[in-house]
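>>> One predicted model, sequence on top.
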Amino acid sequence: MHIDVNNAFLSWEALKLLSEGYDKDIRTLEAIIGGDEESRHGIVLAKSTPAKKKGIKTAMSLYEARKIIPNILVFKPHYSYYQKRSDELFELISKYTPDIEKFSIDECFIEYTYVAKLYGDPIKFAYKLKEEIKNKLGFTVNIGIANNKLCAKMASDFEKPDKVHTLFKEEVKDKMFPMDVGELLWIGKKTKEKLNQIGIHTIGDLANSKVENLRYYFKNQTEEMIKHANGIDDSLVITKERESACISKMITIDHDVFNKLELHKYLNHISNELGLQLRLSKKYANTIAIILKNQYFKMSTHQVKLDNPTNVTSKIYEVSKKLLDEAWHGEAIRLVGIRLDNLSLTSSYQHNLFEETNELVKESKIDDVCDTLKNKYGYNIINKASLLPKKDKL
């Protein structure tokens, strides 16, 4: 199941204001939560339903919002309060299962499989949980139920608010195939534009495409995209009990980053650390994910399952850069990270025409030499020139 708070920041701000004696519920007014209105980076973080009906959109500048509704109510965000409400949500859910993966401050996945015998029919349980959250915490959620994480999240984004939706594997063709291809999880704006240019407009169009026809445009991303379009996703709910099955590192940044090359530098540093950690533990990563948190504490992840497991630093770095390019839409970033998942003790390499085996073997040998030097002289003694940003190369 995927559990997502409806309009989290605005709902939580409404509750805060009501608790302080504000005489109106801003969820019923033309209201928005926004950043510094005097700053050119001030944007709409959340909007009420009445504001949405007038054309206000998330990420719109506050200046644009006031052009549409001159007297719109603007409230500054209070993140510490939002974190408190988020903690209350996850604490309530944890009464029913320990298998929770926090996806962001206002959404999570739960693995219902292991507690189904305790609580019975998943749809009835989802309605019970939804009502309990509303009655005890004062805000509403959408819950998506499916056979995997991707479809559960897709389902929770269906009609809002305060709804339960299903997207089981037998429902994918009827419910998901007619949707715009840009609605598919992990399909960014640029990827959608490219898909449209080659005649793919719906998720069904992508699902019925052949890998060999799209590989020229999307390279190693192709198979994963088509799998997702068919509602196939084998990623697991990452709980504390499963953390040993993955390694990760995140860097919190003390300023807003809008520059892609600066983000690449952080990914480079993290790739070096995680690659070394993998090789020391004699493990290989089958899945690579990037983790981003923007200046408003909204967390997002984007991942890909590799054709062949790896512990090569350059491979981790190149894949993470590609994931960043697909997932990042230019908003200010305050945290960047990489997670290597589904670790294994072997690397059963499958040869294919689209990957240069000799190059990977060479990179692996270079990693071994770098590891030896780092262990002997210190971590920062050496880095591959191929991993340096272009302007930093000699």
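That came through fine. Residues are numbered from 1 along each chain as shown.
>>> gap between P178 and S281?
Using CB to CB, to the nearest Å, one obtains 46 Å as the distance from P178 to S281. The C-beta positions use only the backbone N, C-alpha and C, and glycine is treated the same way.
>>> The nearest residue to H201 once chain neighbours are set aside: what's it in contact with?
Computed as CB to CB, 6 or more residues apart in numbering, the closest residue to H201 that is not its neighbour in sequence is V181, at 6.1 Å. Listed by CB atoms under 8 Å, 6 or more residues apart in numbering, the contact set of V181 reads 187, 192, 195-196, 200-203, 205-206, 229.
>>> Let me have those residues in CSV, extended by secondary structure, neighbour count and distance to A31.
Below are the contacts of V181 laid out as CSV (DSSP: H, G, I helix; E, B strand; the rest coil; neighbours: other CB atoms under 10 Å; distance: CB to CB, whole Å):
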residue, secondary structure, neighbour count, distance to A31
I187, coil, 20, 31
K192, helix, 17, 31
L195, helix, 23, 36
N196, helix, 14, 35
I200, coil, 22, 38
H201, coil, 13, 35
T202, strand, 19, 35
I203, helix, 26, 34
D205, helix, 16, 39
L206, helix, 20, 38
A229, helix, 25, 37
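>>> ok, those residues vs T346, which is closest?
Of all the contacts of V181, T346 sits closest to A229, with 30.2 Å by CB to CB.
>>> What residues does the closest one make contact with?
181, 184, 203-204, 206-207, 209.
>>> farthest pair in those residues?
Across the contacts of A229, the longest distance by CB to CB is 12.4 Å; it joins L184 and S209.
>>> Let me know the next secondary structure element after the strand or helix carrying N272.
Assessed by DSSP states H and E, N272 sits inside helix 260-280. Moving toward the C-terminus from helix 260-280, the next helix or strand (DSSP H and E) is strand 285-294.
>>> now whatever helix or strand comes next after that next one against strand 285-294, angle please.
Downstream of strand 285-294, the first helix or strand assigned by DSSP H and E is strand 299-310. Strand 299-310 and strand 285-294 are oriented at 160 degrees to each other (axes from the mean of the first three to the mean of the last three CA atoms, to 10 degrees).
>>> what's the most distant pair in the contacts of V181?
Across those, no pair lies farther apart than N196 and A229, at 14.3 Å, counting by CB to CB.
>>> Low-confidence ranges, the stretch 251-394 of the chain, go.
By pLDDT under 70, the weakly predicted segments of the stretch 251-394 of the chain are 347-394.
>>> One more pass at 50, please.
Scanning the stretch 251-394 of the chain for pLDDT under 50 picks out 351-357, 374, 376, 379, 392-394.
>>> Next: the stretch 1-150 of the chain.
Using pLDDT under 50, nothing in the stretch 1-150 of the chain is flagged.
>>> Quick one: the strands in this structure, in order.
Assignment of strands within the chain using DSSP state E yields the ranges 2-5, 31-34, 44-47, 73-75, 100-104, 107-110, 141-146, 164-167, 247-257, 285-294, 299-310, 333-341.
>>> helices or strands up against the second one?
Other helices and strands packing on strand 31-34, by 3 or more CB pairs under 8 Å, 6 or more residues apart in numbering; DSSP states H and E, are helix 8-19, strand 44-47, helix 49-53, helix 62-68, strand 73-75.
>>> next one: the fourth one
Under the contact criterion of 3+ CB pairs under 8 Å, 6+ apart, the helices and strands touching strand 73-75 comprise strand 31-34.
>>> partners of the strand it packs on in the sheet?
strand 44-47 (antiparallel), strand 73-75 (parallel) (DSSP bridges).
>>> so can I have TSV of these showing mean neighbour count and distance to Y112?
What follows is those, written out as TSV (neighbours: other CB atoms under 10 Å; distance: least, CB to CB, whole Å):
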stretch	mean neighbour count	distance to Y112
strand 44-47	24	28
strand 73-75	16	36
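>>> Output those in a markdown table, with distance to L17 appended to each entry.
Shown next, in a markdown table, are the strands paired with strand 31-34 (distance: least, CB to CB, whole Å):
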| stretch | distance to L17 |
| --- | --- |
| strand 44-47 | 13 |
| strand 73-75 | 8 |
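>>> Quick check: can you list the domain ranges of the chain?
Residue ranges for each domain of the chain read 7-78, 80-169, 176-229, 246-392, as given by automatic domain parsing.
>>> Relative to S235, which of these is closest?
It's domain 80-169; of the domains of the chain, that one is closest to S235 (CB to CB) at 5.5 Å.
>>> can you give me the offset of that closest one from its chain's centre?
In terms of CA atoms, centre = their mean, to the nearest Å, the centre of domain 80-169 is set 17 Å apart from its chain centre.
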